[in-house]
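>>> based on what follows, work out the 3D shape:
(chains A and B, ligands or ions: 4)
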Amino acid sequence: MADKQYTAVERIKLASDGLRGSLAASLTDELTGAIREDDQSLIKFHGMYQQDDRDRREERSEKKLEWLYSFMIRLRLPGGFMTGEQWLGMHHIAGEHATEVIKITTRQTIQLHGILKSHIKPTLRSFDTLKLDSIAACGDVNRNVTCSSHPMESAVHQQVFEYADKISLMALPKTRSYYENWLDKEPLLNKEEEIDPLYQDRYLPRKFKISIAIPPNNDVDVFSNDVALIAIVENNELKGFNIAAGGGLGTTHGSTVTYPRLATVLGFCDTEEKVLKAVYEIITIQRDHGDRTDRKQARLKYTIDRMGVENFKKELELRCGFQLEAPRPFEFTERIDHFGWNIGANGKWHYTAFVETGRVTDDKRASFKTAFYEIASTGKANFRFTANQNVIVSDVDEAEKSLIHEILARYGVIGVTEQSREMRKNAIACVAFNTCPLALAEAQRYLPTLITKLEPILEKHRVIDDAISIRMTGCPNGCGRPTLSEIGLIGTGYGKYNMHLGGDRNGLRLNRKYKENLEEPEILAVLDQLIGHYSVEREQGESFGDYVIRKNIV
Amino acid sequence: MIPETKLHILQQLINTSSKEEIIWIHGYLNGLVSGQGTNGTSEIKKAVKKISILYGTETGNSKKLALQFTAAAKQHSLMAKCTAVEQYRNEDLTKEENLFIIISTQGEGEPPETAKKFYDYIHQSQTQLPNLKYSILALGDSSYPLFCKTGEDVDAQLQRLGATRILPVQNCDVDYEQPAETWFNRVFGLYATEQSQQAVVPQQTTKNGEAKKHVKKNIEGVITRSVNLNDKDSTRRTWHIEIRADEDLDYDAGDSIAIIPSNRHEVVERIIELGKADPNEYVQLSKSAGTIRDLLTNKLNICYLLGSAVKKYATVSGHEIPDIRMDLVDLLRIYPLKDETPFSEVLGLLHPIAPRLYSVSSSAKAEPREVHITVGLNGFLKQDEQHYGLCSSFLGDLPVGTPITFYVHRNRSFKLPDATRDIIMVGPGTGIAPFRAFLQERDVEAASGRNWLFFGERNFTSDFFYQTEIQQYHETGVLQRVNVAFSRDTEKKIYVQHKMKEHGKALFEWLENGAVFYVAGSKVPMSHEVEETLLGIISEHGRKSEDAAKEYLDHLKKEGRYQKDVY
Ligand code: SRM
Ligand SMILES: Cc1cc2nc3c(=O)[nH]c(=O)nc-3n(C[C@H](O)[C@H](O)[C@H](O)COP(=O)(O)OP(=O)(O)OC[C@H]3O[C@@H](n4cnc5c(N)ncnc54)[C@H](O)[C@@H]3O)c2cc1C
Ligand SMILES: Cc1cc2nc3c(=O)[nH]c(=O)nc-3n(C[C@H](O)[C@H](O)[C@H](O)COP(=O)(O)O)c2cc1C
Ligand code: SF4
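Numbering: from 1, shown residues only, chains lettered A, B, ... in the order given. Ligands and ions are numbered 1, 2, ... in the order given. Here you go, the predicted structure:
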């Protein structure tokens, strides 16, 4: 494609000198809390987004103050694992440089919000001392690699989990700019070492996501990723992975050429070498064939549909130099976090705490942040994050279990986890207002209230113990994977949502749009009616999602 | 017989004259009558060829008059030497024979900053000045409690040192042109030789319409906008206030407007209660008249009374009161009046409410009928209790639509240079105000000179006054350089002077290039630290000794290239 057709972002990447751009100058500009426009695209590759407090725009303009710019920093945390020591560090960083709140994301990592320009370097330096980084947590590169989070799930969990790290490292950009710009490390004398055979100087046309699931639990929503690896385990042995490609959920209102898509299973690989190679080459195909002229058509899902799945597979096998075996059978029967205490295959105990919308903080009801801080201080536990935005206090010895339990109980974590009802515990909401620049409607600040209003309805229809999955996002980008839920609410304007119905409960079937631009009263009325019917007409063990499909409601 | 008025003047003259003076006047008048000089006058005529003129100024009026006076004196074939008081060698007083001092009053009856050394010197000196003949032209503003205090103080001290007052102190209100000219003429009258008898000062000042500018004219405006520039979590409160009049306003960037605040309603009511006064009783005072409530609300100062007023209260109330300043309400509370004492006696000892000045932060060239000010809430502790200044809180509370009266206070020594010159502006806090006016003006006039602004406050996110405007001036090339310092964002506090030092090399280059250096905002400690730093920069980058640097700075002052608007 001729250069002139390339999107602005493509030109910025090419001209960025290894993602350095004019960051240095942007940081020293005293007049503004923002950074230069081009650099705003580049910092994403370093794990950051420039944002502003959208609640405060008008008031600040009136005061002749610029918008309240700040930065969101997202950690690279393959498989969502963190030591207690690292959590302690995060706790302090969140207080010193960010909004206090530690946000668990739908991709098993942590985001800190509200970091002022002058605090970016200190924040990243502190990360570095904790052996943490935010490289490639965002941007047109491979993002945080997710992996079924619960150690109790399988004897091979550790083995599989390590793949997340290996893949993440394999697909890490080679540029040293992160270290130079943020950690003030000396530039390399020999630039040769920066040559990047995978990303070259173009990087990818768009974000790229990889996930690994261990059946029977699809807690990571593996099929929503560009590359989905399904661990094949036979009598407690890891045999290899089924490899799927082309998942992605983002759409644009009113645009028919954008659509959500589940990853297509291409085949099976046994050895680690082959698995990594296959993943690597899928990335190179996307690098070479992805559409760089239109960001709304640039994801792998569109590349695959343009090439055709068969051609794509041929091209992949050509680049790999080996054939993919026929996919092995697998079954997903759940997509949940097992709340409460569970013992893992490794004999250690794990407590999965329900963190509503993934916001770890202290409030009237409970003090999650203090609880986790005290637990981390004991040095007797690790932390794992789930793709449902929850926290697993992990790897606790039998002997320490009661100590940890006491802390969890004292600060109300156990209370919240046990008293919250099924729908709430399985719900997901994206961030949306006040930080997300793309938000059209509220999500994380609103879904909890909406559920509180739904619960009496569920009670009334005696389905309150039914884990109907409800997910809400502030726009159709799909950060809370709403198109993979039984009830998806997708923001269209302030206080307005499209309602999607008919997803299954395990993340294998996309839902469909049922009604547009509903406001709260209509949402409640519609659901009251549908759930009312469902409660009487459902078949043995039939989920709400399956019910609306059988009844052709959508 | 002569008319009342003239008689009055004569009596005044006599009352304020020493014995010797009266004798001298007697002789002088004699001489005039008999057409030939008396001993008195002939004495002066013979003796005098040289006169010295000293001026002490803050905002340039005294200087302007001193220069006019000097020019006129030359026309009267007098050898007149005009010196700025800060340049004057105090020891030379003993050598002076004919000294004329033009000096203004600042602060609460204090001398201009430039005159402090001289002022303190004559207060402390014990060296008698028997040969010194002098007269004083005192500039002031009758809306202040201590009208022309400095002139009178200087006069008193010279008396103490045995100098001879050859004309009584001439006090001038804000419309100083006429009284000043009268004083000039009376001086020349004393030295009049036959040929120059009739000559008087050329009326230049009134000709070119300049004089009109100095008439203290109250202007009625309406507040059209009032925003607190600080964001909600700030430790400060600073209002940007826009006032609109229905006439074109006559002020220049660098001037201030004077506003007389009203006293707080609840305090006034408490005073009336404690003083057992009838709020509606109509009272006639020397300077003002009205009902007690009206006088206490709009005319008389009841806050932090001057020591002199407290003393008078002690007498009125018959209490022993230590020599301190106090609010009237506290006086009434702690030292109650006797039942028989009429409250009007208390009113009698109160000074008028003093005007507060606010540097205009807009340019009349940009919006002829508007004037903007930037008002910082003045906070202070009283018995470790947070209190707020009268006028700043008064202004901050005024809602949009409120009518407001003000008058323009000129500042001749804080002005933009010609459009081609570079300027360096150091204006932390509300010091930004005059520079916003400067920038507006340089923008509308598309001035070619470069502009460099230093701003400082506490926190970047909440206290960056006029941030979006400054950004725009920067982007559109009106501001070539901007440096900001936010003291509470870092462990080690950073202030504007640190930023100046950091960019000292460039700053000195600008100065060498002829740039004018301005500083506005708090006098202490800010303006002093800025001056320290400036001296440091001059000696470091100009490779000069401390003294040489001081000289360099004095030179800038003389050239009008170092100007202050500090308070
Ligand atoms: C934090 C998170 C939601 C949450 O509440 O957890 C999130 C938050 C944002 N996403 Fe997302 N996305 C998050 C998971 C997802 C997912 C779910 C997933 O990956 O499992 C999706 C759908 C799957 C997919 O990628 O298709 C998703 C699809 C998007 C899109 C649409 C991409 C597309 O192909 O159309 C955007 C917008 C874009 O990229 O142009 C986006 C953009 C954003 C941004 C960065 C808005 C922006 O571009 O400025 C949001 C930042 C809001 C804020 O203030 O924090 N986010 N985003 C999730 C962080 C994941 C992580 O740790 O990396
Ligand atoms: C040339 C010039 C330009 C100026 N420009 C500006 C400007 O642009 N913006 C701006 O905000 N200000 C400016 N000022 C300052 C302004 O004029 C006022 O001095 C300021 O607003 C404080 O006035 P106030 O009536 O609020 O405080 P006041 O009531 O006058 O109190 C001032 C101080 O007096 C003391 N005090 C008062 N009452 C008591 C008491 N009861 N007990 C103990 N101590 C007491 C306290 O120290 C207090 O801080 C300027 C001043 C000058 C001379
Ligand atoms: C801050 C300030 C305080 C003043 N205080 C007094 C005062 O106490 N008594 C007085 O008579 N005049 C006072 N004035 C009025 C000035 O003396 C008057 O404006 C004079 O013309 C200034 O002359 P200059 O420009 O030579 O300084 C004050 C002026 C200012 C700016
Ligand atoms: S779904 Fe939309 S609103 Fe929600 S976080 Fe993602 S981009 Fe923002």
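
>>> tell me if I'm right that A:H338 and A:T352 touch.
Yes - with contact defined as Cβ atoms under 8 Å, A:H338 and A:T352 form a contacting pair (5.8 Å). All C-beta spots, glycine's among them, are computed from the backbone N, C-alpha and C.

>>> list residues touching both of these two?
Residues touching both A:H338 and A:T352 (Cβ atoms under 8 Å, 6 or more residues apart in numbering or on different chains): A:H150.

>>> between these two, point out the one with more neighbours.
Just comparing A:H338 and A:T352: by other Cβ atoms under 10 Å in any protein chain shown the higher neighbour count belongs to A:T352, 24 against 16.

>>> now do the SS call for the more buried one.
Three-state assignment for A:T352 (DSSP: H, G, I helix; E, B strand; the rest coil): strand.

>>> run through the bridge partners of it.
Going by DSSP bridges, A:T352 is paired in beta bridges with A:G340, A:I392.

>>> so what pLDDT did it get?
Listed pLDDT for A:T352 reads 97.

>>> what separation is there between it and B:F184?
94 Å (Cβ to Cβ, to the nearest Å).

>>> for B:E242, same thing?
B:E242 sits 41 Å away from B:F184, going by Cβ to Cβ.

>>> and what of A:T370?
With Cβ to Cβ as the criterion, A:T370 and B:F184 are 80 Å apart.

>>> of the two, who's got more company?
B:F184 (21 against 17).

>>> state the helix or strand in which the more buried one lies.
Element membership for B:F184 (DSSP states H and E) is helix B:177-191.

>>> contacts only, for the residue lying closest to A:E486 once chain neighbours are set aside.
Ranked by Cβ to Cβ, 6 or more residues apart in numbering or on different chains and with sequence neighbours excluded, the top spatial neighbour of A:E486 is A:G545, at 3.7 Å. With contact set as Cβ under 8 Å, 6+ apart, A:G545 has these partners: A:S469, A:S485, A:E486, A:L501, A:G502, A:G503, A:D504, A:R505, A:R509, A:N511.

>>> repeat for A:V265
A:V265 neighbours (Cβ under 8 Å, 6+ apart): A:A228, A:I230, A:N242, A:I243, A:A244, A:P327.

>>> was I right to think the third one contacts A:E331?
This points to A:N242. No - taking contacts as Cβ under 8 Å, A:N242 lies outside contact range of A:E331: 11.7 Å.

>>> more crowded one of those two?
A:N242 (24 against 9).

>>> list phi and psi for that one.
Main-chain dihedrals, A:N242, degrees, to the nearest 10: phi -80, psi 140.

>>> nearest spatial neighbour of it, chain-adjacent residues omitted?
A:N242's closest residue in space is A:I230 (Cβ to Cβ, 6+ apart), at 4.2 Å.

>>> hang on, A:I212 is in a helix, isn't it?
No - read with three-state DSSP, A:I212 is strand and lies in no helix.

>>> okay, it: pLDDT?
pLDDT, A:I212: 98.

>>> what is the burial count for the residue nearest to A:N242?
A:I230 has 26 neighbours, counted by other Cβ under 10 Å.

>>> look at it and tell me its secondary structure.
With three-state DSSP as the criterion, A:I230 reads strand.
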